[in-house]
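In: Got a predicted structure plus its sequence, pasted below:
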Amino acid sequence: MPRPKKSDSSKPAKPKTTRAKAKTPKSAPKPKATAEPKPKPLKVKEDFPHIGFPYRLEYMEDKDKKICFFQCENHMEKHITRHKLNRKTCKISVKED
């Protein structure tokens, strides 16, 4: 036997509205951190950072400052003659032990 249909009159009809649904407030975007940047550690400038290279040659090439390290004086002399550097404009240093 077929079941009898339930009448919809027992439930109140939902009114159809054209209003938009109320939006739930979203959390505001977090502002970017405006704290001061972390200070960079100070670099200790060493004139001779390489143990086995006691000869230092410093000169300007165009607008760039070049710093070269050598094992012996002969290697430094070869570099100076190869690149045709003026000895008066170069700064030569030797590490003392």
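Out: Yep, it's here.
In: how about the strands in the chain?
Out: Along the chain, the segments classed as strands by DSSP state E run 55-61, 64-70, 91-94.
In: Can you lay out the ones you listed as JSON lines showing mean pLDDT, distance to Thr81 and mean neighbour count?
Out: Glycine gets a C-beta too; all of them are placed from N, C-alpha and C. Below are the strands of the chain laid out as JSON lines (pLDDT from 0 to 100; distance: least, CB to CB, whole Å; neighbours: other CB atoms under 10 Å):
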{"stretch": "strand 55-61", "mean pLDDT": "94", "distance to Thr81": "12", "mean neighbour count": "16"}
{"stretch": "strand 64-70", "mean pLDDT": "95", "distance to Thr81": "13", "mean neighbour count": "13"}
{"stretch": "strand 91-94", "mean pLDDT": "93", "distance to Thr81": "14", "mean neighbour count": "12"}
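In: need those in a markdown table with distance to Glu77, can you?
Out: Putting the strands of the chain into a markdown table (distance: least, CB to CB, whole Å) gives the following:
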| stretch | distance to Glu77 |
| --- | --- |
| strand 55-61 | 10 |
| strand 64-70 | 9 |
| strand 91-94 | 10 |
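In: Quick one: closest of those strands to His83.
Out: strand 55-61 (8.1 Å; CB to CB).
In: That closest one pairs with which strands, and in what direction?
Out: Sheet neighbours of strand 55-61, with direction, are listed as strand 64-70 (antiparallel), strand 91-94 (antiparallel) (DSSP bridges).
In: Show residues contacting the shortest one.
Out: Read that as strand 91-94. Contacts made with strand 91-94 from outside it, assessed by CB atoms under 8 Å, 6 or more residues apart in numbering, are listed as 47-48, 54-59, 76.
In: Just flag the most distant two among those residues.
Out: Pro54 and Tyr59, at 17.9 Å, using CB to CB across the contacts of strand 91-94.
In: That'll do, ta.
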